[in-house]
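*Asks:* return a 3D structure for these sequence lines:
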Amino acid sequence: MIFTYDPILVIFSVIVAIFGAYTCFDLVIRIRKSEKAVNKTLLMGAAFAIGGSIWSMHFVAMLAVQLPIIIRYDLLMTLISGLVSVLMTAVALLIVSTGTYSFKRIVVAGIIMGLGISSMHYVGMAAIRGNCNISYSYVWVAISIGIGMAASTASLWSAMALHGVWRRIVAALVMGISISGVHYTSMAGTTFLAIDKAIIFSQPILSPFSLGLVTAISTFIILGGALLTLVPGRKLGSVKGDQKGNHHADADLQLTDTGHLTEPGITEPDFHIDKLPVLRNQKTYFVDIADVVSVSADGHYTTVQSKDNEYHFCSHSLSRVEEVLDPQVFLRVHRSHIVNLNHVESFERQHDKGLVFMCGDEGRPIPVSRTNIGKLQSVLGI
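*Replies:* So this is what the prediction gives:
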């Protein structure tokens, strides 16, 4: 049985997958920067974002299929397909978003996510009810699974390895296309065979209209979540007082995605500056990033320690500062502290945690959390 596609719905299905992936990776990055070892709320949100986008993409794409017969969908199997998608991607995201970053973890998570995409597709296909039989080409099945695993691994690596908002965009494009690739590659090896006898349905059945309504609601939620992650950073109000008792007023400045300060309406440049803006005596000064010894959270802002052992107030949040720092030189050793590895003087292990001492810091230790101690020891060669 020959079938064709509605091109508009095909394009829309790919867009749904990309937006869902973007939302997912934005949340994954927040999980890795979260104060908790595992932020269950963000993890659940990420799993539902990518799992839901996989599910929505599949059924939007199935609504795009134009067959000479009317097909319906078993309600229970349709729900199970969504559950499979969410659970398998949740496992993959748990692996990649917690613990020490490594390429091995990325590969394992990518394989699980790819299998989740493929499993969702074929469980969703099993939900089809109509006057037809469905058969699959084993070659195309293997190709679609391979595409899912390879592209999932690549997208997870992009999300973790690249810096700034571009990592989420690149990762979302790769993941969205991979989700769509799995579906349409699988459909290329799918054959619908018409049968003459009438089928009597005993289970609850979804009509194409009902499925379209459910899919539309799911898609609205996914796209809404994605758009919320695109809301610009908040404006900075007046800041009264730093560690030296100075007062600052920068109400018209705004944080951008890469952590720079900019005025509303001014487009952020496509490059990273090599200085950090700090405030002192109602003036903005710039500290060379190479001279930064450590950065510590100070409420919603940060305190920057320079190599001359001076402390400076910075209007960036710690996460924003982290995005403009070179990850080969700077390491976030604690939820509230980032250190310059070139300025580490000594390290002290304390059970499952540790302390790191910086050059010229007159003995003031910086705590190292349990989840980061292995990474710090590895880069220091101890």
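*Asks:* the strands in the stretch 51-200 of the chain, which residues?
*Replies:* 65-66, 72-74, 128-129, 132-136, 190-194 (DSSP state E, counting those that start in this stretch).
*Asks:* so which of those strands is the most packed in?
*Replies:* strand 72-74 (a mean of 20; mean count of other CB atoms under 10 Å). C-beta coordinates here come from the backbone N, C-alpha and C atoms, glycine included.
*Asks:* list the neighbouring strands of it plus their orientation.
*Replies:* strand 128-129 (antiparallel), strand 205-206 (antiparallel) (DSSP bridges).
*Asks:* lowest-confidence stretch among those?
*Replies:* Mean pLDDT is lowest for strand 205-206 among the strands paired with strand 72-74, at a mean of 58.
*Asks:* so who does the residue nearest to residue 103 when sequence neighbours are not counted touch?
*Replies:* Leaving aside its sequence neighbours, residue 103 sits nearest to residue 157 (CB to CB, 6 or more residues apart in numbering; 7.3 Å). Residue 157 makes contact with 103, 106, 110 under the criterion CB atoms under 8 Å, 6 or more residues apart in numbering.
*Asks:* from residue 82, how far off is residue 157?
*Replies:* Applying CB to CB, to the nearest Å, the value for residue 157 to residue 82 is 26 Å.
*Asks:* ditto for residue 277
*Replies:* Applying CB to CB to residue 277 and residue 82 gives a distance of 46 Å.
*Asks:* so those two - more neighbours on which side?
*Replies:* Using other CB atoms under 10 Å, the more surrounded residue of residue 277 and residue 82 is residue 82, with 22 against 18.
*Asks:* kindly state the pLDDT recorded for that one?
*Replies:* 84.
*Asks:* surely it and residue 53 touch.
*Replies:* No: using CB atoms under 8 Å, residue 82 is not in contact with residue 53; the gap is 10.9 Å.
*Asks:* take the strands of the stretch 51-200 of the chain and write them to TSV, including distance to residue 308.
*Replies:* Below are those laid out as TSV (distance: least, CB to CB, whole Å):
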stretch	distance to residue 308
strand 65-66	67
strand 72-74	68
strand 128-129	70
strand 132-136	68
strand 190-194	68
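*Asks:* and for residue 125, the neighbour number?
*Replies:* Residue 125: 19 neighbours (other CB under 10 Å).
*Asks:* how about it, nearest residue that isn't a chain neighbour?
*Replies:* Leaving aside its sequence neighbours, residue 125 sits nearest to residue 134 (CB to CB, 6+ apart; 6.5 Å).
*Asks:* can you check residue 336 too?
*Replies:* Sequence neighbours aside, residue 297 is the residue nearest to residue 336 in space, at 4.0 Å (criterion: CB to CB, 6+ apart).
*Asks:* residue contacts, that neighbour?
*Replies:* 303, 317-318, 335-337.
*Asks:* show me how the record splits the protein into domains.
*Replies:* 4-229, 254-380 (automatic domain parsing).
*Asks:* go through the host helix or strand of residue 46 and flag the buried ones.
*Replies:* Residue 46 is located in helix 40-64, with elements delineated by DSSP states H and E. For helix 40-64, a neighbour-count test (16 or more other CB atoms under 10 Å) marks 42-43, 45-64 as buried.
*Asks:* try stretch 318-335
*Replies:* 318-325, 330-335.
*Asks:* cross those residues against strands and list the overlap.
*Replies:* Cross-referencing those against strands under DSSP state E gives 330-334.
*Asks:* list just the nearest of those residues to residue 119.
*Replies:* residue 332 (35.2 Å; CB to CB).
*Asks:* who does that closest one bridge with?
*Replies:* residue 338.
*Asks:* just checking, it touches residue 325?
*Replies:* No: assessed by CB under 8 Å, residue 332 is found out of contact with residue 325, at 9.0 Å.
*Asks:* what residues do the two have in common as contacts?
*Replies:* By CB under 8 Å, 6+ apart, the residues touching both residue 332 and residue 325 are residue 338.
*Asks:* returning to that earlier point: wait, what's in contact with the residue nearest to residue 125?
*Replies:* So residue 134 contacts 125, 128, 190-193 (CB under 8 Å, 6+ apart).
*Asks:* separation between it and residue 187?
*Replies:* From residue 134 to residue 187 the distance is 11 Å (CB to CB).
*Asks:* equivalent analysis for residue 79, please.
*Replies:* 22 Å.
*Asks:* measure how buried the closest residue to residue 48 other than its chain neighbours is and give me the count.
*Replies:* Computed as CB to CB, 6+ apart, the closest residue to residue 48 that is not its neighbour in sequence is residue 86, at 5.9 Å. By the measure other CB under 10 Å, the count of residues near residue 86 is 19.
*Asks:* same check on residue 67?
*Replies:* 14.
*Asks:* and for residue 183?
*Replies:* 29.
*Asks:* show the pLDDT at the nearest residue to it once chain neighbours are set aside.
*Replies:* Using CB to CB, 6+ apart and skipping the chain neighbours, the partner closest in space to residue 183 is residue 61 (5.3 Å). The per-residue pLDDT reported for residue 61 equals 81.
*Asks:* numbering from 162 from now on, please.
*Replies:* All right, first residue 162 from here; so that's residue 222.
*Asks:* touching, residue 222 and residue 341? I think so.
*Replies:* Yes: between residue 222 and residue 341 there is a contact under CB under 8 Å: 7.5 Å.
*Asks:* now do the shared contacts for those two.
*Replies:* Listed contacts common to residue 222 and residue 341 are residue 174; contacts here mean CB under 8 Å, 6+ apart.
*Asks:* next, count neighbours for residue 460.
*Replies:* There are 8 residues near residue 460, going by other CB under 10 Å.
*Asks:* follow-up on the earlier one: export the buried residues of stretch 479-496 to TSV and append columns for distance to residue 336.
*Replies:* Below are the buried residues of stretch 479-496 laid out as TSV (distance: CB to CB, whole Å):
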residue	distance to residue 336
479	28
480	23
481	25
482	28
483	23
484	21
485	25
486	26
491	28
492	27
493	25
494	30
495	31
496	28
